[in-house]
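> Build me a model:
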Amino acid sequence: MPRRITAAIASCTLSLGALASGAGVAAAAPSAPAIDARAAAVDRCSYQVVRSDDSRYAYSVRGVVAGSARELPVQKEDFVRFSGGWLKVAQVDACSGGQGPAPETLSVVGKLENPEYYEPSVPRTIRSDAVKPGASSLIPKAPALTSVTRLDAATVRVTWEPAQGNPDRVLLMERKPFYSSEIDLWHPYTFQRDAPAGATSMDRKLERNPGVPPASRSHAYWMRVIKGGFVSDLRAEKPTAVEP
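Below you'll find the model as predicted:
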């Protein structure tokens, strides 16, 4: 699965000496954060953070509550392909250890893994700006998957309810066996299928290659939507399994 690599942008100095005043004054432009992140509440305790990803780093989400920062445990996370590319979506628990005030801000920290293999110029720690979470109304709701019907030995029809709230994209998620020639192995892989506008069903082919090991034969389907840069609640996804 592709991962977006976000590089730190060095700050530049803008000379004002060439302006009409002729004064030799310089101002430094603020550098962009190494991690691009946004956040919104899913419910009272769960928050969704959508961020850029650099596979060299291990990430954590920190929340500031009453002026004190702490790391928030991840409930569920996944890579999602947005219109601009792949981003990591993580949902974190702000109520771990008991109910408390909602976090004032959330931020992402990345720690370089295996730093001994990198030049000293590679940052050991990268950060996002502190972001104030948006309202739960920003999190779209995925339509319910209503049935997976076998049409023949190798084909199923997946049907779902009409999407509500005009999402930007409706996605049929499909987990099925995938053959990797690099490692000469069949393994489960999740595909993100874009549903045509207004569609409420899609026919999918089952992978029935005899070389697929029994533990990897199962297929599964579920729905997901994207709207305004956020994704439907990852915790609410309930895959429907099918055996080929």
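> got the domain boundaries for this structure?
Structurally, the chain divides into domains by automatic domain parsing as follows: 34-135, 145-242.
> got the end-to-end distance for the shortest one?
For domain 145-242, the first and last residues are 14 Å from each other (Cα to Cα, to the nearest Å).
> Look up which residues are beta-bridged to the residue sitting nearest the centre point of the chain.
Note on the chain: the residue nearest the mean C-alpha position is residue 89, at 2.3 Å, using Cα atoms, centre = their mean. Beta-bridge pairing of residue 89 under DSSP bridges involves residue 50, residue 78.
> how about CSV for the domains of the chain, with mean pLDDT added?
Output for the domains of the chain, formatted as CSV (pLDDT from 0 to 100):
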stretch, mean pLDDT
domain 34-135, 95
domain 145-242, 97
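> Just list what the longest strand along the chain packs against, helices and strands only.
What stands out as the longest strand in the chain, according to DSSP state E, is strand 169-180. Using 3 or more Cβ pairs under 8 Å, 6 or more residues apart in numbering; DSSP states H and E, the elements in contact with strand 169-180 are strand 185-194, strand 201-205, strand 219-227. From N, CA and C alone the C-beta is placed, and that goes for glycine too.
> most tightly surrounded among those strands?
strand 219-227 (a mean of 21; mean count of other Cβ atoms under 10 Å).
> Let me see the residues that make contact with whichever helix or strand comes after that one.
Note on strand 219-227: by DSSP states H and E, the next helix or strand toward the C-terminus is strand 230-231. Residues outside strand 230-231 that contact it (Cβ atoms under 8 Å, 6 or more residues apart in numbering) are 38, 40, 48, 50, 80, 89, 134, 138, 139, 140, 224, 225.
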